[in-house]
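A.B. asks: predicted model, plus sequence, below.
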Amino acid sequence: MSTPHIQAEIGEIAKTILMPGDPLRAKHLVETYLENVKPFNSVRNMLGYTGTFKGKEISIMGSGMGMPSIGIYSYELYSQYNVNNIIRIGSAGSYVKEVKLYDVVLADSAYSESTYAMVQSGYQKNITFPSEELNAAILKKSQELNLNIHTSCIHSSDVFYMEGDNNYKELVDKYNCSCVEMESFALFHNARVLGKKAACLLTISDSFITHEVISAEARQKSFDAMMKLALETSIEL
Ligand SMILES: O=P(O)(O)O[C@H]1O[C@H](CO)[C@@H](O)[C@H]1O
Ligand SMILES: O=c1cc[nH]c(=O)[nH]1
């Protein structure tokens, strides 16, 4: 069996899958952390692999950038491949001074101007939520690992390059958004409509406050803390 976007057979994808936006980050993470690796997707180069971490089967696959892309992959993974848990592991731009480069943020909600959820199933609100169970497991594991993470609402934006530098301030004031990325609103929505679980961990790659930016290479390779947290949580799900 296959879908228009994923060539895997049923059973080749684990119940828990970690999804960075970038398929090359998926490849790098698999090579760095997993054993017994088997590729399951290369359609459109959206690389996906299943392997083991400390003996437990985990999959890692790119989601692409933006809500239409993660909307397709997460829907197919949940509905066609019996995936139960998707943890997005992404990069984000910080909107507040307390959230600094390389800090890790756990989303407790995702605000968006996107019409994704309304078009998908008539959902009228502009905030979607991750699984409370997954978030509790991630927070517990962060404490065990002695890793300080921020927990907050995040902004899921459809637009990376925006005219006007200060639009983000309203989102900080109104919704307490600490940072911006481009996928979680849709991921959380799909999980809810399909009765599955989703969470989102982000590493800060740039700051709207200080205008610091990490390189594309660092973005691909240097998200160790977030990755360890995601993997150590995944083996307990
Ligand atoms: O690093 P990833 O996971 O791709 O996440 C962020 O980076 C991309 C934009 O550069 C968007 O996908 C955004 O959500
Ligand atoms: O979506 C994103 C991701 C990282 N940095 C941003 O400014 N936006």
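C.D. replies: Looks like it arrived, so ask away. Just so it is clear, the model here is predicted, and its values are computed rather than measured. Ligands and ions are numbered 1, 2, ... in the order given.
A.B. asks: using the three-state scheme, assign the residue of the chain found nearest ligand 2.
C.D. replies: The nearest approach of the chain to ligand 2 comes at residue 93, 2.6 Å away (CB to the nearest ligand atom). For the C-beta atoms, the positions are set from N, CA and C on the backbone; glycine is no exception. In three-state terms, and counting by DSSP: H, G, I helix; E, B strand; the rest coil, residue 93 is strand.
A.B. asks: so what's residue 218 scoring on pLDDT?
C.D. replies: With respect to pLDDT, residue 218 has a value of 75.
A.B. asks: can you give me the neighbour number for it?
C.D. replies: By the criterion of other CB atoms under 10 Å, residue 218 has 15 neighbours.
A.B. asks: residue contacts, it?
C.D. replies: Each residue near residue 218 by CB atoms under 8 Å, 6 or more residues apart in numbering is listed here: residue 205.
A.B. asks: quick thing: my sequence starts at 852, can you match it?
C.D. replies: Will do, 852 is the new start, and the previous item becomes residue 1069.
A.B. asks: which strand or helix spans it?
C.D. replies: helix 1067-1072 (DSSP states H and E).
A.B. asks: extract the C-alpha trace of the helix or strand just after that helix and format it as CSV.
C.D. replies: Once the chain leaves helix 1067-1072, the next helix or strand it forms, by DSSP H and E, is helix 1075-1085. This file holds the C-alpha atoms of helix 1075-1085, laid out as CSV (Å, rounded to 0.1, in the frame of the first residue of the first chain):
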residue,chain,number,x,y,z
ASP,A,1075,20.7,18.2,20.5
ALA,A,1076,18.8,19.1,23.7
MET,A,1077,15.4,19.1,21.9
MET,A,1078,16.2,15.9,20.2
LYS,A,1079,17.3,14.0,23.3
LEU,A,1080,14.1,15.2,25.1
ALA,A,1081,11.9,14.1,22.2
LEU,A,1082,13.6,10.7,21.9
GLU,A,1083,13.7,10.0,25.7
THR,A,1084,10.0,10.9,25.9
SER,A,1085,9.1,8.8,22.9
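A.B. asks: tell me what helix 1075-1085 is packed against?
C.D. replies: With contacts taken as 3 or more CB pairs under 8 Å, 6 or more residues apart in numbering; DSSP states H and E, helix 1075-1085 sits against strand 867-870, helix 874-884, strand 907-912, strand 936-945, strand 955-962, helix 983-995, strand 1048-1058.
A.B. asks: on that earlier part again, I figured the residue of the chain closest to ligand 2 hits residue 1028, correct?
C.D. replies: No - if you go by CB atoms under 8 Å, residue 944 and residue 1028 don't touch, sitting 10.6 Å apart.
A.B. asks: these two: who's more crowded?
C.D. replies: Legend: neighbour count by other CB under 10 Å for residue 944 and residue 1028, higher for residue 1028 (24 against 20).
A.B. asks: so what's that one bridging to?
C.D. replies: Beta bridges link residue 1028 to residue 1004, judged by DSSP bridges.
A.B. asks: that one: what's it in contact with?
C.D. replies: Neighbours of residue 1028 in contact, by CB under 8 Å, 6+ apart: 946, 962, 1003, 1004, 1005, 1006, 1019, 1022.
A.B. asks: residue 902 now?
C.D. replies: 881, 885, 886, 887, 888, 889, 908, 909, 910, 911.
A.B. asks: can I assume the fifth one is in contact with residue 898?
C.D. replies: Read it as residue 888. No - at 11.2 Å, residue 888 does not count as touching residue 898 under the criterion of CB under 8 Å.
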